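A.B. asks: Below: sequence and its predicted model.
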Amino acid sequence: MKDSYTLKSLAVLLENNKISSKELTSEYLKNIENGKELNCYNTISQEKALIDAEKSDERRKSQNLRSKYDGIPIGIKDLFCTKGVTTTASSKILSNFVPNYESTVTQNCDDAGLISLGKLNCDEFAMGSTNKTSFFGSVKNPWKSVNSDNELVPGGSSGGSAAAVSGDLCVASLGTDTGGSIRQPASFTGTVGLKPSYGRVSRWGIVAFASSLDQAGPITKTVEDAAILLDIISGHDEKDSTSSVNPKENYYENLNSDIKGMKIGIPKEFRSDKLPASTQKSWDECANLLKNNGAEIVDISLPHTMSALPAYYIIAPAEASSNLARYDGVRYGLRVKGNDLIDMYEKTRSEGFGDEVKRRILIGTYVLSSGYYDAYYIKAQKIRSLIKSDYVEAFKKVDAILTPSTPSTAFEIANEPSDPVQNYLNDIFTVPVNLAGLPGISIPFANDENNLPIGLQLITNSFEEQKLLNVARNIEETINYSETPTKWWLK
Amino acid sequence: MEFDKKSLLKLGKLARISISDDKLNNLSKDLNSILEFVDQLKEIKTDQVDPTSNSLNQKLEVRDDKVDTKNSAEDILENAPEKEMDFFVVPKVIE
């Protein structure tokens, strides 16, 4: 029963009084309690969620709804500042931080009547691809291989957001994506993950990682739900000077699956012998499917694809080292006593940050330091221009680009490589999209030989979210992917 | 080896992160691995390319210069680890 819940279906159930917001919220809180082993939530807003649900039910009675989706509970990545609710970025340094303001995105959700079930676990400061860098421990993927009982990573950094949707610990969630942090975990958990164009969604009140790359977006069960949630969260915000003044569209209302005459590009640089055969097969099958549905498949080249990841690992750490300078033990968060001011800074930051965050701050500090700035930081920004122009050229020829979302399906938590660079390779297909500021979506296409979800990525030109969602919807409608994980955590 | 003990400690000073002796070896290995990875960019010619700092082609909006009452001292100090009156308290800086 619960498996069929979507934002769309719940709106109908609520409208027809088949269920109240309070009942629905209680049901999800129960699922969260039963699914504690997955470690999806850093904070569960039990009391507040139930009070908000009652208020929604009252609004419904008095026909004073904030939107069609009023009363539906969702989960929020613990990177969005939420007034009065602890916001940690899964870091020790913010583990006691209770914001007295609300991020624009979560405010938009509240304005639509959505209810927050709590704050979802993620990699520390959104830095990671496995959710293992969280101060609160790994999230466990609801999926398991048919050949092993070992626990799998949910992907990252929005691992809690993706696992919670996949395991029915919420119907939809909010994530953020700096280099793949929505699309990669969506791919690992059989969910839909949408990273909007840079500037489509306000970044105000989101804990900053790399400000020129960060974007918030939805993780959902369906493409329709992604359109619904994007409608709710997107739009210009005067509090974020990089939020776009382009008018937002009615993504859900205008959603259709007509792709006749569209050109879909297959970039040759994404092909690799290392790609698992099942992923390659899905990619080929999807291209065929689109062709059968009326699109034209075009081979394209994005020549600088392989330079994207190294450029990203200069730009993102550089911006992070600057953004994370604010955590110094003076104004908020953890303070560790020191002999003097500098000693206090150094001890606070040394104890407050985890290893991956420290590595990135140090690399970022290095590439921005005198003598290396031009050779690394400016160089990477120039590569970024080349990557961007690859896509500008490609979109003169095609409407959308189809690639795999990730170079593998979910792997075992215990098998995470110890070399950081090996881990960075998880994001090889998603990172170029952030550097170019484009929208991208990962949708589940099939399961591999171990019964683990394979995600495919679609990319369109900036602010062409509607086209992106339409192509994704076409695929979704045709394949009707309906695999769900066995709920092994329910004993 | 770009990151030896001395340069790593200097970097830690710049980033205001103290690095304990037992962490030095692993950190040096990790950072060198990352540096080696990003160094592959050196082979790409970029003399004629302008840098991109942000992908958004939009002029930054300037807000109206008007007084509002948001961000009160009380709000800003709410999460301070240590405060006194309207001030953040830090360890003594001047002897």
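C.D. replies: Everything's here; your move.

A.B. asks: and the residue of chain B found nearest chain A, what does it touch?
C.D. replies: Going by CB to the nearest CB, chain A is nearest to residue B:55 of chain B, at 2.7 Å. Where C-beta positions appear, they are placed from N, C-alpha and C, glycine not excepted. Residues in contact with residue B:55 (CB atoms under 8 Å, 6 or more residues apart in numbering or on different chains) are A:198, A:212, A:384, A:388, A:435, A:436, A:437, A:438, A:462.

A.B. asks: buried sites along the one helix or strand in chain B whose mean pLDDT sits lowest?
C.D. replies: Sorting the helices and strands of chain B by mean pLDDT, DSSP states H and E puts helix B:73-77 at the bottom, at a mean of 92. Along helix B:73-77, these residues count as buried under the neighbour rule (16 or more other CB atoms under 10 Å in any protein chain shown): residue B:77.

A.B. asks: who touches it?
C.D. replies: Contacts with helix B:73-77, where a contact means CB under 8 Å, 6+ apart, come from A:100, A:101, A:331, B:83, B:86, B:88.

A.B. asks: Could you rerun that using 10 Å?
C.D. replies: A:100, A:101, A:331, A:332, B:83, B:84, B:85, B:86, B:87, B:88 (CB atoms under 10 Å, 6 or more residues apart in numbering or on different chains).

A.B. asks: What about the residues you listed, which are in strands?
C.D. replies: Mapping those onto strands (DSSP state E) picks out B:83, B:84, B:87, B:88.

A.B. asks: which among these gets closest to residue A:357?
C.D. replies: residue B:88 (23.4 Å; CB to CB).

A.B. asks: Please name the residues that touch the most centrally placed residue in chain B.
C.D. replies: Centroid check for chain B by CA atoms, centre = their mean gives residue B:15 as the closest residue, at 6.8 Å. Contacts of residue B:15 were listed using CB under 10 Å, 6+ apart, and they are A:321, A:324-325, A:345-346, A:349, A:353, A:358, A:361-366, A:369.

A.B. asks: Now which of those residues would you call buried?
C.D. replies: Of the contacts of residue B:15, these count as buried by 16+ other CB under 10 Å: A:321, A:324, A:345-346, A:349, A:353, A:358, A:361-366, A:369.

A.B. asks: Please convert those residues to JSON lines, extending it with distance to chain B, secondary structure and pLDDT.
C.D. replies: Shown next, in JSON lines, are those (distance: CB to the nearest CB, whole Å; DSSP: H, G, I helix; E, B strand; the rest coil; pLDDT from 0 to 100):
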{"residue": "A:321", "distance to chain B": "6", "secondary structure": "helix", "pLDDT": "98"}
{"residue": "A:324", "distance to chain B": "9", "secondary structure": "helix", "pLDDT": "98"}
{"residue": "A:345", "distance to chain B": "4", "secondary structure": "helix", "pLDDT": "98"}
{"residue": "A:346", "distance to chain B": "4", "secondary structure": "helix", "pLDDT": "98"}
{"residue": "A:349", "distance to chain B": "5", "secondary structure": "helix", "pLDDT": "98"}
{"residue": "A:353", "distance to chain B": "7", "secondary structure": "coil", "pLDDT": "98"}
{"residue": "A:358", "distance to chain B": "6", "secondary structure": "helix", "pLDDT": "98"}
{"residue": "A:361", "distance to chain B": "5", "secondary structure": "helix", "pLDDT": "98"}
{"residue": "A:362", "distance to chain B": "5", "secondary structure": "helix", "pLDDT": "98"}
{"residue": "A:363", "distance to chain B": "6", "secondary structure": "helix", "pLDDT": "97"}
{"residue": "A:364", "distance to chain B": "8", "secondary structure": "helix", "pLDDT": "98"}
{"residue": "A:365", "distance to chain B": "4", "secondary structure": "helix", "pLDDT": "98"}
{"residue": "A:366", "distance to chain B": "6", "secondary structure": "helix", "pLDDT": "97"}
{"residue": "A:369", "distance to chain B": "6", "secondary structure": "coil", "pLDDT": "95"}
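
A.B. asks: From residue A:359, how far off is the closest residue to residue A:91 other than its chain neighbours?
C.D. replies: Excluding the flanking residues, the one nearest residue A:91 by CB to CB, 6 or more residues apart in numbering or on different chains is residue A:124, at 4.8 Å. Taken as CB to CB, to the nearest Å, the spacing of residue A:124 relative to residue A:359 amounts to 11 Å.

A.B. asks: tell me, how many neighbours does the closest residue to residue A:79 other than its chain neighbours end up with?
C.D. replies: Using CB to CB, 6+ apart and skipping the chain neighbours, the partner closest in space to residue A:79 is residue A:207 (4.8 Å). Neighbour count of residue A:207, defined by other CB atoms under 10 Å in any protein chain shown: 26.

A.B. asks: and residue A:207, what pLDDT?
C.D. replies: Residue A:207 carries a pLDDT value of 98.

A.B. asks: ok, it - contacts?
C.D. replies: Residue A:207 makes contacts with A:77-81, A:87-91, A:94, A:97, A:99, A:103, A:122, A:125-126, A:176, A:214, A:323-324, as judged by CB under 10 Å, 6+ apart.

A.B. asks: Show the backbone phi and psi for residue A:115.
C.D. replies: The phi/psi pair for residue A:115 (degrees, to the nearest 10) reads phi -110, psi 140.

A.B. asks: The closest residue to residue A:229 other than its chain neighbours bridge partners, please.
C.D. replies: Spatial nearest neighbour of residue A:229, chain neighbours left out: residue A:218 (3.6 Å); criterion: CB to CB, 6+ apart. Bridge pairing for residue A:218 (DSSP bridges) gives the partners residue A:174.

A.B. asks: Please pull out the lowest mean pLDDT helix or strand from chain A.
C.D. replies: Result, chain A / mean pLDDT, DSSP H and E: helix A:420-424, a mean of 90.

A.B. asks: how about the CA coordinates for it, as PDB?
C.D. replies: Extracted C-alpha coordinates of helix A:420-424, given in PDB (Å, rounded to 0.1, in the frame of the first residue of the first chain):
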ATOM      1  CA  PRO A 420      40.200   9.700  -1.600                       C
ATOM      2  CA  VAL A 421      40.700  10.000  -5.300                       C
ATOM      3  CA  GLN A 422      39.200   6.500  -5.900                       C
ATOM      4  CA  ASN A 423      36.100   7.800  -4.100                       C
ATOM      5  CA  TYR A 424      35.900  11.000  -6.100                       C
END
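
A.B. asks: buried ones in the next helix or strand after that helix?
C.D. replies: Where DSSP states H and E defines the elements, the next helix or strand beyond helix A:420-424 is helix A:431-436. Of the residues in helix A:431-436, A:431, A:432, A:433, A:434, A:435, A:436 count as buried by neighbour count, 16+ other CB under 10 Å.

A.B. asks: The residue of chain B closest to chain A - nearest residue in space that isn't next to it in sequence?
C.D. replies: residue A:437 (2.7 Å).

A.B. asks: what's that neighbour in contact with, if anything?
C.D. replies: Counted by CB under 10 Å, 6+ apart, residue A:437 has contacts A:196-200, A:212-213, A:215, A:384, A:388, A:391, A:462-463, B:52, B:54-57.

A.B. asks: Let's see which of these end up in strands.
C.D. replies: Going by DSSP E, the strands hold residue A:215 from the contacts of residue A:437.

A.B. asks: Please check the contacts of residue A:437 and keep the buried ones.
C.D. replies: A:196-200, A:212-213, A:215, A:384, A:388, A:391, A:462-463, B:52, B:54-56.

A.B. asks: Point out where chain B drops to low pLDDT.
C.D. replies: Chain B contains residues with pLDDT under 70 at B:1, B:95.

A.B. asks: residue ranges for the helices of chain B, please.
C.D. replies: B:5-15, B:21-38, B:73-77 (DSSP state H).

A.B. asks: so who does the closest residue to residue A:171 other than its chain neighbours touch?
C.D. replies: Of all residues not flanking residue A:171 in the chain, residue A:5 sits nearest, at 5.1 Å (CB to CB, 6+ apart). Shown in contact with residue A:5 (CB under 10 Å, 6+ apart): A:13, A:19, A:24, A:27, A:28, A:72, A:168, A:170, A:171, A:172, A:221, A:225.

A.B. asks: Now intersect the residues you listed with the helices, please.
C.D. replies: Using DSSP H, the contacts of residue A:5 in helices are A:13, A:24, A:27, A:28, A:225.
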